[in-house]
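K.L.:
build me a model from this:
(chains A and B)
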Number of protein chains: 2
Amino acid sequence: MKPLTHPRCDELCIEAVLGAMANPIRLRIIERLANGEELTCSTVLPEVSPSTASRHWQVLREAGVLFARREGRIILHHLRRDDLDARFPGLLDSVLRAVRTTPDPHPITT
Amino acid sequence: MKPLTHPRCDELCIEAVLGAMANPIRLRIIERLANGEELTCSTVLPEVSPSTASRHWQVLREAGVLFARREGRIILHHLRRDDLDARFPGLLDSVLRAVRTTPDPHPITT
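P.N.:
You can find the predicted model right below:
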């Protein structure tokens, strides 16, 4: 079983974080985790194929946007809000505001 | 000569803007234009090949991050700060803050 690696807070890179956020599915994941909940992949993206969903969660984890941990056979994720706010103050809130005020729902293309 | 097209303010898309910003060269361009100056490609990226530089400016223009206009044989660019602030309040400032507080200069790979 592969270890779930994460960059440390001081390793977070603005380009990688922006790149990880620059996708409608990943923005939807971020928005769903924004209230602090810890969720599984399938809870957030029930209609997206497991392999596609897995890749999106991986991109977000490797960029440091979220933290993943195994609990038995499932993986639980939560947003690294404190780390993101510490390294890039205001970024997450401005992105969440943009997502929430976008008139049309983000189309999901798998 | 190809027209320089730009999305309208109400057409700006958060995914496209984040994607356009998610690159060290493009972040450097944004940072150089942040004081409101209107600059040519070669002023900002003298060491980057013209074709590579041109592609980066195009990505930023097409995402709506900057505005380009021809003046004779040169193209002048300025940051669309008002449009970005109107559509995505706080985003540009948080990204600029992140760029300016990053300890190491962003490496330029052409």
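K.L.:
tell me where chain A has strands.
P.N.:
Counting by DSSP state E, one finds strands in chain A at the ranges A:66-71, A:74-79.
K.L.:
so what's A:M1 closest to, chain neighbours aside?
P.N.:
For A:M1, the nearest residue in space outside its immediate sequence neighbours is A:R70; the separation is 7.6 Å by Cβ to Cβ, 6 or more residues apart in numbering or on different chains. Yep, even glycine has a C-beta here, placed from its N, CA and C like the rest.
K.L.:
can you put the strands of chain A in JSON lines and add mean pLDDT, mean neighbour count and distance to B:T102?
P.N.:
Written out in JSON lines, the entries for the strands of chain A read as follows (pLDDT from 0 to 100; neighbours: other Cβ atoms under 10 Å in any protein chain shown; distance: least, Cβ to Cβ, whole Å):
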{"stretch": "strand A:66-71", "mean pLDDT": "95", "mean neighbour count": "15", "distance to B:T102": "21"}
{"stretch": "strand A:74-79", "mean pLDDT": "95", "mean neighbour count": "18", "distance to B:T102": "22"}
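K.L.:
my read is that A:P89 contacts B:S94, right?
P.N.:
Yes: A:P89 is in contact with B:S94 according to Cβ atoms under 8 Å; the separation is 6.4 Å.
K.L.:
and the least confident helix or strand in chain A by mean pLDDT, what other elements does it pack with?
P.N.:
Counting by mean pLDDT, DSSP states H and E, chain A has its least confident helix or strand at helix A:41-44, which shows a mean of 82. Judged by 3 or more Cβ pairs under 8 Å, 6 or more residues apart in numbering or on different chains; DSSP states H and E, the packing partners of helix A:41-44 are helix A:24-33, helix A:50-63.
K.L.:
returning to what we had before: and the strands of chain A as a markdown table, adding distance to B:V65?
P.N.:
Putting the strands of chain A into a markdown table (distance: least, Cβ to Cβ, whole Å) gives the following:
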| stretch | distance to B:V65 |
| --- | --- |
| strand A:66-71 | 26 |
| strand A:74-79 | 26 |
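K.L.:
list the contacts for the closest residue to A:L45 other than its chain neighbours?
P.N.:
The shortest distance from A:L45 to any residue other than its chain neighbours is 4.6 Å, reached at A:A53 (Cβ to Cβ, 6+ apart). Neighbouring residues of A:A53 by Cβ atoms under 8 Å, 6 or more residues apart in numbering or on different chains: A:I25, A:C41, A:S42, A:L45.
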